[in-house]
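Q: Got a sequence here, can you model it:
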Amino acid sequence: MQESSLLLEWIQVLHSYLAYIVLILLFLAVANAITGLVSNRMFTMGKDLRLSLFTLILCHIQLLVGLILWFISASGFSAIKTLGMGGLNSAARLLAVEHPFVNILALALITIGWSRHKRFLEGKKKFKSIALFYGLGLVLILSRIPWTQWFN
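A: Below you'll find the model as predicted:
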């Protein structure tokens, strides 16, 4: 029993600290895309591509860690099984339903932004795709972070 609680604690810590890195990278990718769009600069395979791709990869890793956490923690799938959808209070619903669902949508938008940018040859269109879809993903992620847990 102690091994499973240690694993749960380790995954929760990983998910929390990885979230900081993902948010910083996502913010930097959006800011980079906006500045590239505004300044009408070329989309480089170095900085621009790597920042966007690394952000995409870490977002996917964060999702996988989050899904593992959702399945093994008491506040995820177990809460829905135990209490049912109608029995969840707002804090429990945020963790069990809203946070995972909205973040999956956000990651889908980020992935669409990455896929769309590859179709374009112009830097302006590439930056626009990344700025729009990564930006929407960032807004959705920020809207469903359990802020009360982060600051406790």
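
Q: quick one, longest helix in this structure?
A: When the chain is scanned for its longest helix (criterion: DSSP state H), the result is helix 2-39.

Q: after the helix or strand residue 52 falls within comes which helix or strand?
A: Assignment of secondary structure by DSSP states H and E places residue 52 within helix 47-72. On the C-terminal side of helix 47-72, the closest following helix or strand by DSSP H and E is helix 77-83.

Q: For that following helix, the averaged confidence score.
A: Per-residue pLDDT values across helix 77-83 average out to 83.

Q: how about the helix or strand following it: buried residues?
A: Following the chain from helix 77-83 toward its C-terminal end, the next helix or strand by DSSP H and E is helix 90-93. Using 16 or more other C-beta atoms under 10 Å as the test for burial, helix 90-93 gives 92-93. C-beta: built from backbone N, CA, C; applies to glycine.

Q: just checking, next helix/strand downstream of helix 90-93?
A: The element immediately downstream of helix 90-93 (helix or strand, assigned by DSSP H and E) is helix 99-119.

Q: Next, the buried residues of the following helix or strand past that next one.
A: Moving toward the C-terminus from helix 99-119, the first helix or strand encountered (DSSP H and E) is helix 123-143. By neighbour count on 16+ other C-beta under 10 Å, the buried set for helix 123-143 is 123-124, 126-138, 140-141.

Q: okay, and the helix or strand of this structure with the least pLDDT?
A: Taking mean pLDDT, DSSP states H and E as the measure, the helices and strands of the chain show their lowest mean at helix 147-150, namely a mean of 76.

Q: Can you pull out the low-pLDDT segments for this protein?
A: Low-confidence segments of the chain (pLDDT under 70): 1-3, 151-152.
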